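Asks: Next comes the sequence, and after it the predicted model I'd like to discuss.
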Amino acid sequence: GAVVSQHPSRVICKSGTSVKIECRSLDFQATTMFWYRQFPKQSLMLMATSNEGSKATYEQGVEKDKFLINHASLTLSTLTVTSAHPEDSSFYICSALRPLVGTQYFGPGTRLLVL
Amino acid sequence: DQQVKQNSPSLSVQEGRISILNCDYTNSMFDYFLWYKKYPAEGPTFLISISSIKDKNEDGRFTVFLNKSAKHLSLHIVPSQPGDSAVYFCAASPTGFQKLVFGTGTRLLVSP
């Protein structure tokens, strides 16, 4: 069964609105979770590292004020795309780092389309 | 700057034969390598990994080979099955268990 879930799986929104994506670790507590985005026919690009109870660490070029990450519990991280624009349309994928094992388990992804 | 490269965007193999997917990297600080399988509109699924202290790791039909001097790794699938048809990503980490840098993926098609 799924180890990491994401909700929603697909969302369409108007330009200028904000969208929240949830990532849940179902089988283990994850102090570290990651957010990626994937454009068509391209690789997964790490956006940020989400650490439970502390601020997220953003990769170079990723606007932290635009992509708000909250990791309030050991099983939930959220990504909020604020004031979304059409260029934010993408496939967003989260992962949870399983402690001790050290493997990242990925969610099924969220397809965001901004009109 | 693409630190992890998969130069073959696609590969076609007949069922029962061996599939070999290749991956090259440029960052000598990478010490942990992984292969993921991905279906469309789904997240990647972990397949197999290898640390830089090894040159081979095997798990059932999947074997990963690492050539550190050439900064090259490969995934062998034998025998290949139609259900193996997917996009395969190699990924590398400089710290063992943290940030992953992904390659661009290779689409494998296994025909009956």
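Replies: Everything's here; your move.

Asks: The helix or strand hosting B:Leu109 pairs with which strands?
Replies: With elements taken from DSSP states H and E, the one containing B:Leu109 is strand B:106-111. Strand B:106-111 has the following strand partners under DSSP bridges: strand B:10-14 (parallel), strand B:86-93 (antiparallel).

Asks: now the very next helix or strand once past the last one: mean pLDDT?
Replies: Note on strand B:86-93: by DSSP H and E, the next helix or strand toward the C-terminus is strand B:101-102. Confidence over strand B:101-102, taken as the mean pLDDT, stands at 92.

Asks: next one: stretch B:63-81
Replies: 97.

Asks: before we move on, the earlier item: and the strands paired with strand B:106-111, which is most packed in?
Replies: Ranked by mean neighbour count, those are led by strand B:86-93 with a mean of 23 (mean count of other CB atoms under 10 Å in any protein chain shown). For glycine as for every other residue, the C-beta is placed from the backbone atoms N, C-alpha and C.

Asks: what about that one, distance to the chain center?
Replies: 5 Å (CA atoms, centre = their mean, to the nearest Å).

Asks: How about the residues of chain A by chain B?
Replies: A:4, A:6, A:32, A:34, A:42-46, A:49, A:91, A:93-95, A:97, A:102-109, A:111 (CB under 8 Å from any CB of the partner chain).

Asks: in chain B, which ranges drop under the pLDDT threshold?
Replies: Within chain B, the segments meeting pLDDT under 70 span B:1, B:95-97.

Asks: residue ranges of the strands in it, please?
Replies: B:4-5, B:10-14, B:19-25, B:32-38, B:45-51, B:56-59, B:62-67, B:72-77, B:86-93, B:101-102, B:106-111 (DSSP state E).

Asks: One more: chain A?
Replies: Under DSSP E, chain A gives strands at A:4-7, A:10-13, A:19-25, A:32-38, A:44-51, A:57-58, A:67-73, A:76-81, A:90-97, A:104-106, A:110-114.

Asks: Looking at the ones you listed, which is nearest to B:Thr106?
Replies: strand A:44-51 (13.9 Å; CB to CB).

Asks: Roughly how far does the residue nearest to B:Ser111 when sequence neighbours are not counted sit from A:Met47?
Replies: Excluding its sequence neighbours, the residue lying closest to B:Ser111 (CB to CB, 6 or more residues apart in numbering or on different chains) is B:Gln14, at 5.8 Å. Taking CB to CB, to the nearest Å as the measure, B:Gln14 falls 39 Å from A:Met47.

Asks: just A:Phe39 next, same as before
Replies: Distance from A:Phe39 to A:Met47, by CB to CB: 12 Å.

Asks: Comparing those two, which shows the higher neighbour count?
Replies: A:Met47 (24 against 11; other CB atoms under 10 Å in any protein chain shown).

Asks: Read off the pLDDT value for the spatially most central residue of chain A.
Replies: Geometric centre of chain A, nearest residue: A:Trp35, 3.7 Å, by CA atoms, centre = their mean. At A:Trp35, the pLDDT value in this model is 96.

Asks: can you pull the buried residues of the strand holding B:Leu109?
Replies: B:106-108, B:110 (16 or more other CB atoms under 10 Å in any protein chain shown).

Asks: export the residues you listed to TSV and tack on distance to B:Leu100?
Replies: Shown next, in TSV, are the buried residues of strand B:106-111 (distance: CB to CB, whole Å):
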residue	distance to B:Leu100
B:Thr106	17
B:Arg107	20
B:Leu108	20
B:Val110	26
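
Asks: Looking at those, which is nearest B:Val4?
Replies: B:Thr106 (12.0 Å).
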